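J.: sequence plus the predicted model coming up.
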Amino acid sequence: LWGGQGAKSRSDGKDQLRSDDPEVYVKMAEEALTEKRYATAAHHVNTALELQPEHSQAWLLKGKIEEADGHSEQAVNAYHRAISCNETHPEATLRLARIQIEHGRSAHTAQVLRSLIECPQTTAEQKSQAQWMLGVAYVRMGRWTPAVQSLVAGAQDRNLSADDRYLLAMARYKSGDIAGARRDVEQQLQIQPSHAQFASLLAELN
């Protein structure tokens, strides 16, 4: 597993044997990222990319680190690199799509998400995430009927928050499904009777 001439490098305050295998550093970066030790994770990712510049998982981790540091554009670049190294990288695509939607690039993102949903390598969980995200993109574009269809599909395996339910109810309302919107609102008000947004939407529906 360990290669090279036994040279030592310092990481996280400890001496470790230097490896020539990028997977070793990707594994350590994943562990550091899980523990929110971002500087250590970045060090390991950079080492992995020095050894293998086209390592898609390393680029994915670099994107996550940049996101954690609040660097959206750098994260976008890293996710693009992850996808360019591996055209079927669903996680990088989902993370990239979320950032693009937040920055008003919904039209292009919708096309990417549709392709991801149809991709055989995408897991059921990832397809569900992509369906919900596609619904959000359609909401941002004002395409209410396909928004409802995608949100409903994505909701099947999603633990819906109050904000999620409000988004779905509003999409139903805008698409003309008044009965469906009222049902969603009344269900949420049974859980949270004092929720101001739902109470306001119900008043509008009535």
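T.: Yep, that arrived.
J.: show me where this protein has its helices.
T.: 22-34, 38-51, 56-68, 72-85, 90-102, 106-118, 124-141, 144-155, 162-175, 178-191, 196-205 (DSSP state H).
J.: so what's the residue nearest in space to the middle of the chain up against?
T.: Centroid-nearest residue in the chain: Arg95, 3.4 Å away (criterion: Cα atoms, centre = their mean). The contact partners of Arg95, by Cβ atoms under 8 Å, 6 or more residues apart in numbering, come to 60, 63-64, 67, 75, 79. Every C-beta, even on glycine, is put in place using the N, C-alpha and C of the backbone.
J.: let's see if you can find the most crowded of these.
T.: In terms of neighbours by other Cβ atoms under 10 Å, those top out with Tyr79 at 28 neighbours.
J.: which one of the contacts of Arg95 is nearest Asn206?
T.: Closest approach between those and Asn206, by Cβ to Cβ: Glu67, at 41.6 Å.
J.: quick check, that closest one in contact with Ala75.
T.: Yes: using Cβ atoms under 8 Å, Glu67 is in contact with Ala75, at 4.4 Å.
J.: identify the contacts common to those two.
T.: Taking Cβ under 8 Å, 6+ apart as the criterion, Glu67 and Ala75 both touch 95, 99.
J.: now do the residue nearest to Glu125 when sequence neighbours are not counted: how many residues are near it, please.
T.: In space, Glu125 comes closest to Asp157 once its chain neighbours are excluded; the distance is 6.4 Å by Cβ to Cβ, 6 or more residues apart in numbering. Applying other Cβ under 10 Å, we find 13 residues neighbouring Asp157.
J.: got it, and Val185?
T.: With other Cβ under 10 Å as criterion, Val185 counts 27.
J.: which ones are touching Ala130?
T.: By Cβ under 8 Å, 6+ apart, the contact list for Ala130 reads 90, 93-94, 97, 113, 116-117, 122, 154.
J.: pLDDT weak spots in this protein?
T.: 1-17 (pLDDT under 70).
J.: now do 90
T.: Applying pLDDT under 90 to the chain flags the ranges 1-20, 85-89, 104-105, 107-108, 111-112, 119-121, 157, 187-206.
J.: pull the contacting residues for the closest residue to Val76 other than its chain neighbours.
T.: Setting aside the residues directly before and after it, Val76 is nearest to Ile99 in space (Cβ to Cβ, 6+ apart), at 5.7 Å. Residues near Ile99 by Cβ under 8 Å, 6+ apart: 67, 72, 75-76, 79.
J.: in the residues you listed, find the pair that's most separated.
T.: Pairwise distances across the contacts of Ile99 (Cβ to Cβ) peak at 10.5 Å, for the pair Ser72 and Tyr79.
J.: can I get the contacts of Ile99 in TSV with distance to Glu23?
T.: TSV is the format used below for these (distance: Cβ to Cβ, whole Å):
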residue	distance to Glu23
Glu67	23
Ser72	28
Ala75	23
Val76	25
Tyr79	20
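J.: now do the closest residue to Gly180 other than its chain neighbours against Leu151, distance only.
T.: Spatially, and ignoring its direct neighbours in sequence, Gly180 is nearest to Arg172 (4.3 Å; Cβ to Cβ, 6+ apart). Using Cβ to Cβ, to the nearest Å, we find Arg172 at a distance of 9 Å from Leu151.
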